[in-house]
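J.: Turn this into a model:
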Amino acid sequence: MTFCFRRTPTLLATSTLISAGIPFAQAHGADQMEIMERQIRAMQAQLNAMKKEHAAEVKKARAIIARQREEAENNPYATRRTYLGPASHFATGGQGSWTVNQPMLAPPRTASTPYGEVTGTPPAHSSLYGPLRRGQIQVGGIRITLGGFAEAAGMWRSRNTASDISTGFNAIPWGNDPAHHMNEFHQSERQSRLAALVEGKITPNLEADGYIETDFQGAGSSSNSRQSNSYVLRTRVFYGELKDRADDLQVLGGQNWSLITMFNKGMSARDEQIPLTIEAQYVPGFNWTRNSQIRIVKGFDNSKYHAGLSIENPSAVPSGTPYEPTGTTVTYKQNGTNVNNPNTYYSTDIAPDVVAKLSADPGWGHYEVTGVLRFLHDRTSKLGGGTSHTTVAGGGGGGLILPLIKKKLYFQASGLVGVGIGRYGTSNIPDYAFNQNGSPNPLPEANALIGLYGNPTKALRLYGYAGAEEVTSRKYFNANGKSYGYGNPLYNMSGCNTELSSVCAAGANVHTVAQATTGFWYDYLKGDYGTIRIGGQYSYTYENAFSAVGGRPHTDDNMFFMSLRYMPFN
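T.: Okay, the predicted model is just below:
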């Protein structure tokens, strides 16, 4: 039998050491050390490879996190997923663990009305839970929502009314005024608006909020447009509110749109149905004021129906001058003192206006009926005494909004009829004239407005309105060979169409103010940094006076408006 021995490297090394005179045990130990050294070098190589692989994994993970952070910064309002699995699987599209995160910020919201959307008005039904939205700040349990817009507007009128963005519809010049024969062009930023809504919960069902809305349509004694425009900030709306969600009850105190203003739905503040016009005086036939008030609104049947009552600051608008026989004085207005404006008058009111409203939202459309009660007051004095007069005035009306094509086309109509209600029309026609004894004589009046608006595309909104305000009949008398009252047929109108004539009583005896208008709003850009919106509007306004000596004069005005708005929070 033959045996073959194969000499391995270890045996060769051992035999070499033995042949060199080194003992076997010592030679075997050296072999083991060499083996261990080779193993250590192999492990070091493997460790280096693992370090490189780990570094690559970390680099990929950091790239994923950086990309997620960049996406969050670029679009903090989008819902996104976070990958929890190995970075290598993520990079190669492999399977892994994901989790769905809420966005850093939720998409912005405005009041759910057409007007709220074009003006950046904070919502009336906001949520105090969930993620913050664009333009919101959380301070402890208080949530602050910012709103408003910056506007660059231009306007052209065929008659020179010396108006800014708000037209004096009741002051369009008649033919005897040189301004009637001149047009005007102005640019304005004064409708730019700042708004803030502050909300918090007192209990799970009781919420409190405060809202302020301002623009720059105030004018101080030094305000002008000659060099450095110096118009002042004014309060449009400023109120506090309590909302009891359990009982569907709202209590509001402060300055707000009158309860007489039509709503888009329900009866919550900031849900008013305001015309979409660039024109800041809106449209003749639109009934409104913004004034101090205390309001209570109660909802029924899951907010399908509401009843509201508002006690509002009065301010009667008189017409002309009263009949004052020798030794007699009629006091019906006074110039402002202290913090009131000394350059205008304040009526001698003795009680608030009372406005009541019922509304219904049964599922298709919005419907409401409204009533207003007023108390006109003055005093007739003689040396040593006098008599105070209080005349009850008011009226009623209603409105509706119908979705002809859901989310595409809507129709609205509203009206108000009564006596002494001129203040509530946008043209500011007078409320009353005077009786022969000096007491207020309310004018019979009617206001009406219809409109169509809608969104043919997501970015484009179109609208059109037609409205009118009218004193429906005359209130006058004659005494001692002179004519008094409103619409007296003995007033002289013969010079109303003769330039520079002083014989024209039309301005104090307006019969009708009517207007038709149309316009658009287009969202030119809309993204994470807000919305740039472009608007255009054309209107034709017609005004006439009661017929009298010399005929029945009329005047008119063609107006064009353009608007560029930047809405940073919407």
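
J.: In the beta-sheet assignment, what are the partners of residue 482?
T.: Beta-bridge pairing of residue 482 under DSSP bridges involves residue 479.

J.: Quick check: it vs residue 552, distance?
T.: 22 Å (CB to CB, to the nearest Å). The way it works is simple: take the backbone N, C-alpha and C, and place the C-beta from them, glycine included.

J.: Pick out whichever of those two has more residues nearby.
T.: Set side by side, residue 482 and residue 552 show more neighbours around residue 552, with 13 against 10, by other CB atoms under 10 Å.

J.: quick one, what contacts the more buried one?
T.: Contacts of residue 552 were listed using CB atoms under 8 Å, 6 or more residues apart in numbering, and they are 493, 544-546.

J.: cool, residue 211 as well?
T.: By CB under 8 Å, 6+ apart, the contact set of residue 211 is 122, 195-198, 237-239, 241, 269-270.

J.: Tell me which of the residues you listed fall in strands.
T.: 195-198, 237-239, 241 (DSSP state E).

J.: Throw those residues into JSON lines and include neighbour count, distance to residue 254 and pLDDT, thanks.
T.: JSON lines is the format used below for these (neighbours: other CB atoms under 10 Å; distance: CB to CB, whole Å; pLDDT from 0 to 100):
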{"residue": "195", "neighbour count": "23", "distance to residue 254": "14", "pLDDT": "95"}
{"residue": "196", "neighbour count": "17", "distance to residue 254": "14", "pLDDT": "95"}
{"residue": "197", "neighbour count": "24", "distance to residue 254": "13", "pLDDT": "95"}
{"residue": "198", "neighbour count": "17", "distance to residue 254": "13", "pLDDT": "95"}
{"residue": "237", "neighbour count": "17", "distance to residue 254": "8", "pLDDT": "96"}
{"residue": "238", "neighbour count": "15", "distance to residue 254": "5", "pLDDT": "97"}
{"residue": "239", "neighbour count": "20", "distance to residue 254": "3", "pLDDT": "97"}
{"residue": "241", "neighbour count": "23", "distance to residue 254": "8", "pLDDT": "96"}
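
J.: now for the residues you listed, which pair is the farthest apart?
T.: 195 and 241 (14.7 Å; CB to CB).

J.: Now do the SS call for residue 149.
T.: Under the three-state scheme (DSSP: H, G, I helix; E, B strand; the rest coil), residue 149 adopts strand.

J.: Surely it touches residue 563?
T.: No - with contact defined as CB atoms under 8 Å, residue 149 does not count as touching residue 563 (9.5 Å).

J.: Now list whatever residues contact both of the two.
T.: Listed as contacting both residue 149 and residue 563 by CB under 8 Å, 6+ apart are residue 533.

J.: Leaving aside the residues adjacent along the chain, what's closest to residue 455?
T.: Spatial nearest neighbour of residue 455, chain neighbours left out: residue 461 (5.2 Å); criterion: CB to CB, 6 or more residues apart in numbering.

J.: For the one you found, name its beta-bridge partners.
T.: In this entry, residue 461 is beta-bridged to residue 521, by DSSP bridges.

J.: which strand is the longest one in this structure?
T.: strand 385-405.

J.: Quickly run through the sheet partners of the helix or strand just after that one, with directions.
T.: Downstream of strand 385-405, the next assigned helix or strand under DSSP states H and E is strand 409-419. Strand 409-419 has the following sheet partners, assigned by DSSP bridges: strand 385-405 (antiparallel), strand 444-454 (antiparallel).

J.: How far off centre is the first one?
T.: Shown here is strand 385-405, whose average C-alpha point lies 25 Å from the average C-alpha point of the whole chain (CA atoms, centre = their mean, to the nearest Å).

J.: Using neighbour counts, pick out the buried residues of that strand.
T.: 389, 391, 393-395, 397-399, 401 (16 or more other CB atoms under 10 Å).

J.: What residue spans form the domains of the protein?
T.: Split into domains by automatic domain parsing, the chain comes to 10-100, 114-567.

J.: how about residue 224, what does it touch?
T.: With contact taken as CB under 8 Å, 6+ apart, residue 224 is in contact with residue 230.

J.: That one is in what secondary structure piece?
T.: Judged by DSSP H and E, residue 224 forms part of no helix or strand.

J.: could you measure it against residue 192, distance?
T.: Computed as CB to CB, the residue 224 to residue 192 distance reads 18 Å.

J.: Much appreciated, bye for now.
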